[in-house]
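Q: Provided below for reference: sequence and predicted model.
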There are 2 protein chains.
Amino acid sequence: MKLLITGGAGFVGARLARTLLAQGKLAGRPIEQLVLADQVAAPADLLADARVQSRVSPLLAACEGLRDETFDGVFHLASAVSGECEADFDLGLRSNLDSTRALLDALRHRQGKGSAPTRLVFSSSIAVFGPDPAYAFPAQVADNTLPTPQTSYGTHKLICEQLVADYTRKGYIDGRAARLMTVTVRPGRPNGAASSFFSGIIREPLAGVESVCPVSPDVAHPVSSPQRTVQGLITVFEASREAFVGRTALNLPGLNVTVQQMLDALLAVAGPKVRALVRFERDERIAAIVANWPRGATAQRAAALGLQPEANFEDIIRQYIADSAATPAALQGMNT
Amino acid sequence: MKLLITGGAGFVGARLARTLLAQGKLAGRPIEQLVLADQVAAPADLLADARVQSRVSPLLAACEGLRDETFDGVFHLASAVSGECEADFDLGLRSNLDSTRALLDALRHRQGKGSAPTRLVFSSSIAVFGPDPAYAFPAQVADNTLPTPQTSYGTHKLICEQLVADYTRKGYIDGRAARLMTVTVRPGRPNGAASSFFSGIIREPLAGVESVCPVSPDVAHPVSSPQRTVQGLITVFEASREAFVGRTALNLPGLNVTVQQMLDALLAVAGPKVRALVRFERDERIAAIVANWPRGATAQRAAALGLQPEANFEDIIRQYIADSAATPAALQGMNT
């Protein structure tokens, strides 16, 4: 089969690509071609695989050409991130809304030419949820919690969930939207994202570098390892429509942890010297953003597909240490 | 003040225009200019008012020009309806999504030039709600019921709710989305809408004409008179941001009635001969569509603004009879 991953050179996209290439098949069918579309080239280890084709261009520009190309499956991960969307409103709309619609339309036109509806997994985000003064914000957001996004990024994700559902209802695609929890531990360097510290307070100390935690230790949040996140996307792809149930987006599993629990896990796994490299220094800007994020999540529909969060944060740290040993950071796809 | 009503020649738009002109002011300020934008000219009685300007063009084309024009308020009612969106997917996206975004962007660019954020009321719809197999569909949909639209029209309305909320969050507009219940009794002739019978089974018998009800008498649905609907839009416009509470769309009040109760009300108001003009003849296509509609609604946030549904369906019928006597049908704005 021939697959497309948009955002395929990004951290989650490249990891998904590696997992798919390693298992060699998807939904029981061998993977012959894996197209990684992104604004930057795919990491070198992926380019070295004969099945991989890396395409570098803005997604919006690429979609016109996709009308004449058949894919057996698409993972749509490409997205401008939260900070970019807040800084440049038009860029956010173009990258997230216009590009997604162009992609869905390209697939629709294939279907119009007699192809079966293309199966597509859309990576939505827990960012669709947020507190709204009109309603109580639940301690844990569920699959069917009312999304009231507090950022343009979350708004775009929610809108795309709805487009995917409607194109699916019409039979133009076979789409499924899955909401990713905050993925940690990410390799590489801190980025500008407000959530960057969720990786930084683990990654930096493990590398012998000091790290500053900008929020209080009682901040709670649902997180997921890269491995479980990728497994979630694959499981959602492989699910039958009946097993997915309906067309509404589902939450991928998240481990609900506090910052304190993350640091306790770091102490348990790496010892007091490493733990001591993290200090608290409140950043009001970041604290204000994080205060609008869910403090926990449930994932009932994902559980029905057999997906579970990690048992504890220690396992997430050990996974990161094992990954770092196996793959130099430079190959892990940190371009985005 | 200078106001814009998109869809201003339609049934609800023209009625809103008449109400605004009659009261002469909005939010305490005199109305000097009322621009009615639509694909057709406004009804003659409105054109005769010196304050009215009728602009005939597709909304999308008109929005570019709006960037250089200042409005003190906008009621955005223009929309391709449910049946059109199902029949022509691209037309629906263009008329409902692209046009709304162009309108919001035009207002944003005004704001960027130093104007205050324009107050805008967006007419969303109860069509954002529908049954999803993953979740129980409540007997009555509330303000915060999870919207899972079952039509492209409902999808577009939900997406536009989210755009209005995000443009408002950014300070580009002062937007409020209000979900209209099914408006009845509409004057004029039956249209292609699946909901047409909710007016037809009252309007036709009152005119001495036979009417066929395509669904069973126990079908229940929230409805609202034209007058209460228009009052709801005005009240939402006049509310302070604090009173509106948050940025999420609210339900306008609906009277939850069964078809049987509607016909009992017709009997009570107009007598057995009129009632006898309605017969039941099941239309499976319409029955299937209606089966996906909410059977009732609540409107807690609207109630906090002082908005209430009619006390009973008899009052809605009497209002229609009084309106028909006061205004020839040809002037009631039935173009859309």
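A: Now that the structure is in, tell me what you want to look at.
Q: Contact residues of the stretch 101-250 of chain A facing chain B?
A: A:101, A:132-135, A:143-146, A:148-150, A:152, A:155, A:158-159, A:162-163, A:165-166, A:169-170, A:172, A:245-248, A:250 (Cβ under 8 Å from any Cβ of the partner chain). All C-beta atoms are positioned from the backbone trio N, CA, C, and that covers glycine.
Q: Out of these, list just those in helices.
A: A:101, A:152, A:155, A:158-159, A:162-163, A:165-166, A:169 (DSSP state H).
Q: Make TSV out of these and add neighbour count and pLDDT.
A: Putting these into TSV (neighbours: other Cβ atoms under 10 Å in any protein chain shown; pLDDT from 0 to 100) gives the following:
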residue	neighbour count	pLDDT
A:101	20	97
A:152	27	96
A:155	28	98
A:158	26	98
A:159	26	98
A:162	23	98
A:163	25	98
A:165	24	98
A:166	28	98
A:169	16	97
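Q: Could you save the residues you listed as a markdown table and add columns showing distance to residue A:277?
A: Below are those laid out as a markdown table (distance: Cβ to Cβ, whole Å):
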| residue | distance to residue A:277 |
| --- | --- |
| A:101 | 45 |
| A:152 | 34 |
| A:155 | 37 |
| A:158 | 38 |
| A:159 | 41 |
| A:162 | 44 |
| A:163 | 44 |
| A:165 | 45 |
| A:166 | 49 |
| A:169 | 51 |
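Q: which residue ranges form the strands in chain A?
A: A:2-6, A:25-26, A:29-30, A:33-38, A:52-56, A:73-76, A:118-125, A:173-180, A:182-183, A:211-213, A:220-224, A:250-251, A:255-258, A:278-280 (DSSP state E).
Q: Go through the ones you listed and pick out the most buried.
A: Mean neighbour count (mean count of other Cβ atoms under 10 Å in any protein chain shown) peaks for strand A:250-251 among the strands of chain A, with a mean of 29.
Q: partners of it in the sheet?
A: Next to strand A:250-251 in the sheet, as set by DSSP bridges, lie strand A:173-180 (parallel).
Q: where are the low-confidence patches of chain A?
A: For chain A, residues meeting the criterion pLDDT under 70 lie at A:192, A:327-336.
Q: can you rerun that using 90?
A: A:58-68, A:81-84, A:110-116, A:188-196, A:285, A:288-289, A:324-336 (pLDDT under 90).
Q: Residue A:310 touches residue A:316, doesn't it?
A: Yes. Contact criterion Cβ atoms under 8 Å: residue A:310 and residue A:316 qualify, at 5.4 Å.
Q: Give the residue from these two that has the larger number of neighbours.
A: When residue A:310 and residue A:316 are compared for neighbours, residue A:316 comes out ahead with 27 against 19, by other Cβ atoms under 10 Å in any protein chain shown.
Q: how many other residues sit next to the closest residue to the more buried one other than its chain neighbours?
A: Nearest non-adjacent residue to residue A:316, counting by Cβ to Cβ, 6 or more residues apart in numbering or on different chains: residue A:225, 4.6 Å away. Burial of residue A:225 is recorded as 23 neighbouring residues (other Cβ under 10 Å).
Q: and if you look at residue A:87?
A: 12.
Q: Pull up the gap between it and chain B, please.
A: Relative to chain B, residue A:87 is positioned 12 Å away (Cβ to the nearest Cβ, to the nearest Å).
Q: what does residue A:129 give?
A: For residue A:129 relative to chain B (Cβ to the nearest Cβ), the value is 12 Å.
Q: Quick check: nearest residue in space to that residue, chain neighbours excluded?
A: Using Cβ to Cβ, 6+ apart, the nearest residue to residue A:129 is residue A:141, at 4.4 Å.
Q: The residue most central in space within chain A: what's it in contact with?
A: The residue lying closest to the centre of chain A (Cα atoms, centre = their mean) is residue A:180, at 4.8 Å. Applying Cβ atoms under 8 Å, 6 or more residues apart in numbering or on different chains to residue A:180 gives the contacts A:12, A:123-126, A:224, A:229, A:232, A:252.
Q: Repeat that for residue A:61.
A: Contacts of residue A:61 (Cβ under 8 Å, 6+ apart): none.
Q: What residues are bridge-paired with the residue nearest to the centre of chain A?
A: If you apply DSSP bridges, the partners that residue A:180 bridges to are residue A:125.
Q: how close does it get to residue B:215?
A: Per Cβ to Cβ, to the nearest Å, residue A:180 is found 42 Å from residue B:215.
Q: for residue A:92, same thing?
A: To residue B:215, residue A:92 is 43 Å away according to Cβ to Cβ.
Q: Report how many residues lie close to the closest residue to residue A:306 other than its chain neighbours.
A: Sequence neighbours aside, residue A:235 is the residue nearest to residue A:306 in space, at 6.7 Å (criterion: Cβ to Cβ, 6+ apart). Neighbours of residue A:235 under the rule other Cβ under 10 Å: 17.
Q: now swap in residue A:83 and tell me
A: Neighbour number of residue A:83 under other Cβ under 10 Å is 17.
Q: ditto for residue A:111
A: If we define neighbours as other Cβ under 10 Å, then residue A:111 has 18 of them.
Q: Could you do residue A:46 as well?
A: Residue A:46, neighbours per other Cβ under 10 Å, totals 24.
Q: Tell me how far residue A:270 lies from chain B.
A: 40 Å.
Q: Grab the nearest non-local neighbour of that residue.
A: Per Cβ to Cβ, 6+ apart, closest to residue A:270 is residue A:206, 6.1 Å.
Q: ok, so what distance separates that neighbour from chain B?
A: 37 Å.
Q: my guess is that residue meets residue A:320, correct?
A: Yes. The criterion here is Cβ under 8 Å, and residue A:206 meets it with residue A:320 at 7.5 Å.
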